[in-house]
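# this is a predicted model, with the sequence first.
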Amino acid sequence: MAAAERADAVIRPARADEIPSVLALWAAHGSDLSRIPDDRVELERLAERSPGTLLVAARDDEIVGALIAAFDGHRGHMHRLAVAEPERGAGLGRRLIEAGHELLRELGARRVDAIVGVEEEAASALWQRAGYETDPPELVRWARNL
């Protein structure tokens, strides 16, 4: 059955028992550019400290999309957006982004950034359609593992 023929997935905060499914989704359908491996302990800590930050798209008992929408008290940050391959093109990624926007607005964010791989053209196009633009080339994001 095509994604358009299925009942809409529900966008909601992930439950603790769904963390393994989110990790499996990211492994199968997410970007492979992460500099540290995702793990259950890290996501459980995220869920405990920032409830609602890990959003999922769920259809019945299946996780078909996920996004982290975090707020640091100053800016919103969205990353780890993934949608299962068979679900792509039906607006699920955009719905996850909009749910992230809603959450971050409620938390007080006025600006949001998204982390997207430079060569991930489909992902870049999705974020651009959602109203995002790249920062000026003078700005570079610096990161370090701890």
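Yes, it's here. Here the structure is a predicted model, which is why all the values come from computation and not from measurement. Numbers count the residues shown, from 1 in each chain.
# could you pull out the strands for the chain?
Shown for the chain, the strands assigned by DSSP state E span residues 10-13, 54-59, 62-71, 76-83, 112-114.
# contacts for stretch 49-67?
Contact partners of stretch 49-67, identified using C-beta atoms under 8 Å, 6 or more residues apart in numbering, comprise 6-14, 18-19, 21-22, 24-26, 43, 46-47, 68-71, 78-84, 87, 92-93, 95-97, 99-100, 103. Glycine gets a C-beta too; all of them are placed from N, C-alpha and C.
# circling back: switch the strands of the chain over to a markdown table; also include distance to residue 125 and mean pLDDT.
Listed next are the strands of the chain as a markdown table, based on distance: least, C-beta to C-beta, whole Å; pLDDT from 0 to 100:
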| stretch | distance to residue 125 | mean pLDDT |
| --- | --- | --- |
| strand 10-13 | 21 | 96 |
| strand 54-59 | 19 | 96 |
| strand 62-71 | 17 | 96 |
| strand 76-83 | 13 | 95 |
| strand 112-114 | 13 | 94 |
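# can you check which of those strands gets nearest to residue 124?
Closest approach to residue 124 among these (C-beta to C-beta): strand 112-114, 9.6 Å.
# centre of the chain to that closest one, how far?
Relative to its chain's centre, strand 112-114 lies at 11 Å (C-alpha atoms, centre = their mean, to the nearest Å).
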